[in-house]
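1. output the structure for:
(chains A, B, C and D)
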Number of protein chains: 2
Amino acid sequence: MSDTRQDILSLGDSLIRQRGYNAFSYQDISGKLGIKNAAIHYYFPKKSDLAIHIIRATHSRLSSLEDSNKSAPALQRLKAVIETYTVSHKENKVCLMGAFASEFFSLDENVQQELRTVAADIHKLVTTILADGKKNGEFRFKEVPKVKAMLVITNLLAGLQIERITGKDEFTVIQQSIIKDLTT
Amino acid sequence: MSDTRQDILSLGDSLIRQRGYNAFSYQDISGKLGIKNAAIHYYFPKKSDLAIHIIRATHSRLSSLEDSNKSAPALQRLKAVIETYTVSHKENKVCLMGAFASEFFSLDENVQQELRTVAADIHKLVTTILADGKKNGEFRFKEVPKVKAMLVITNLLAGLQIERITGKDEFTVIQQSIIKDLTT
DNA sequence: GTCTATATTCCGATAGAC
DNA sequence: GTCTATCGGAATATAGAC
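-> Numbering: from 1, shown residues only, chains lettered A, B, ... in the order given. Predicted structure coming up:
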């Protein structure tokens, strides 16, 4: 894969998660890369093509994360998931699902479909981790794993979002509360 | 206040929470109202002016909610807050904070400032309700009220968002879990 | 005071150069 | 295969009509 193509994907991902999908233009990317705006159209004819490939790249990283420590303790696996949000937090970005969710109904159908797949996989991953942790005694919680997973994910997703508005470090506290809640 | 002005505010609020701030244009509003796009500029010269007034209207409704049942039981007051999210849920909308959060860094500074004020007030309101409920024995939770409030708010805010992607009724389950978690 | 006609800028996208 | 010149249309916004 050419450097330019990779740079476009990377910059696009940053722009979506910093400012929003509908808030950035191809010029924001071409300007930084020192090429013409239309060069982006060679790699990604339509803006929705770019969106789809960015979503797939994220999905791909999620799958790697899933494979990397399959047999580790549940707490460690959960912390690995949370760490991906922490990285976003440090970069003042929201997560990709959160970024797209607010603009979901303005997106092309094929982009929406791509997002559905990833969202389902994230939910599945966290559910499995929580279920495993509950079974082996690492975690304690009342809800069924599927629901508790959704509660944890919403804490993380919206934690990144709200922090930008309040300006306070809500995310770090949320992150710690999630672990404490599950393990005590 | 003229009907037109009120209609613009109402339609703008819907569009922001359905499709996103950067995804709608003045033409989306003028088309529905049967006026020219530029007529909107009479009432709200810049798009950011419209945003600010929409945010203030929401803030105003929040204050009314706050005043309306000051001395009611904490559970009832919390349910009144949750009900505002439930209304959004029925209309396939996200909440205003969630809608703007993802695009926050693309917004004018004065819009950002307006959002900060409202976000702080929402957090304050929920914190007070939880603290009161804990003190009088209605609620049970380990975290300090300020943190628990943030956990509840993130559940609600992101619940609305994720549901659009998954297509499942996550929100209703989340809503019930919040109450159950606090009261049992 | 309320709105329309119009200007200007910018966007996503196509056709074609190298 | 990679990128530039350019188009058509849509966006926000202004100036001025009623």
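
2. what is the helix ranked longest in chain A packed up against?
-> Longest helix of chain A, by residue count under DSSP state H: helix A:109-135. Contacts defined by 3 or more C-beta pairs under 8 Å, 6 or more residues apart in numbering or on different chains; DSSP states H and E place helix A:109-135 against helix A:47-68, helix A:74-90, helix A:96-101, helix A:145-166, helix B:145-166. No exception for glycine: its C-beta is placed from N, CA and C like everyone else's.

3. would you mark the buried spots in stretch A:12-28?
-> Within stretch A:12-28, the residues scored as buried using 16 or more other C-beta atoms under 10 Å in any protein chain shown are A:12-24, A:26, A:28.

4. for chain A, list the residue farthest from the centre, please.
-> Computed with C-alpha atoms, centre = their mean, the residue of chain A farthest from its C-alpha average is residue A:36, at 29.2 Å.

5. now that one. Nearest residue, chain neighbours left out?
-> Distances taken as C-beta to C-beta, 6 or more residues apart in numbering or on different chains put residue A:30 closest to residue A:36, at 5.8 Å, once the chain neighbours are dropped.

6. export only the CA atoms of the helix or strand containing the one you found, formatted as PDB.
-> Following DSSP states H and E, the helix or strand that holds residue A:30 is helix A:26-33. Backbone C-alpha positions of helix A:26-33 (Å, rounded to 0.1, in the frame of the first residue of the first chain) are rendered in PDB as follows:
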ATOM      1  CA  TYR A  26     -10.800  16.500   1.200                       C
ATOM      2  CA  GLN A  27      -8.900  19.800   1.200                       C
ATOM      3  CA  ASP A  28      -8.100  19.300   4.900                       C
ATOM      4  CA  ILE A  29      -6.300  16.200   3.900                       C
ATOM      5  CA  SER A  30      -4.700  17.300   0.700                       C
ATOM      6  CA  GLY A  31      -3.500  20.500   2.300                       C
ATOM      7  CA  LYS A  32      -1.600  18.600   4.900                       C
ATOM      8  CA  LEU A  33      -0.200  16.100   2.400                       C
END
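
7. just want the angle from it to helix A:47-68.
-> Counting by axes from the mean of the first three to the mean of the last three C-alpha atoms, to 10 degrees, helix A:26-33 lies at 60 degrees to helix A:47-68.

8. tell me what helix A:26-33 is packed against?
-> Helices and strands touching helix A:26-33, by 3+ C-beta pairs under 8 Å, 6+ apart, are helix A:3-18, helix A:37-43.

9. save those as a markdown table, and put in distance to residue B:113 too.
-> Rendered in a markdown table, the data for the helices and strands packed on helix A:26-33 read as follows (distance: least, C-beta to C-beta, whole Å):
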| stretch | distance to residue B:113 |
| --- | --- |
| helix A:3-18 | 19 |
| helix A:37-43 | 32 |
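
10. and DNA strand C, which of those helices is closest to it?
-> Comparison of the helices and strands packed on helix A:26-33 against DNA strand C by C-beta to the nearest atom of the strand identifies helix A:37-43 as nearest, at 3.3 Å.

11. what average pLDDT does the closest one get?
-> When the per-residue pLDDT values of helix A:37-43 are averaged, the result is 96.

12. cool, stretch A:2-10 as well?
-> 93.

13. how many residues are close by residue A:86?
-> Here the neighbour count serves as a burial measure; for residue A:86 (other C-beta atoms under 10 Å in any protein chain shown) it reads 15.

14. still on that earlier bit, contacting residues around the residue nearest to residue A:36?
-> Contacts were defined as C-beta atoms under 8 Å, 6 or more residues apart in numbering or on different chains; by that measure residue A:30 touches A:36, A:37, A:38, A:39, A:40.

15. scan the residues you listed and report the most crowded one.
-> The most neighbours of any of the contacts of residue A:30, using other C-beta under 10 Å, belong to residue A:40, which has 24 neighbours.

16. quick check: that residue touching residue A:11?
-> No - with contacts counted by C-beta atoms under 8 Å, residue A:40 stays clear of residue A:11, the gap being 9.6 Å.
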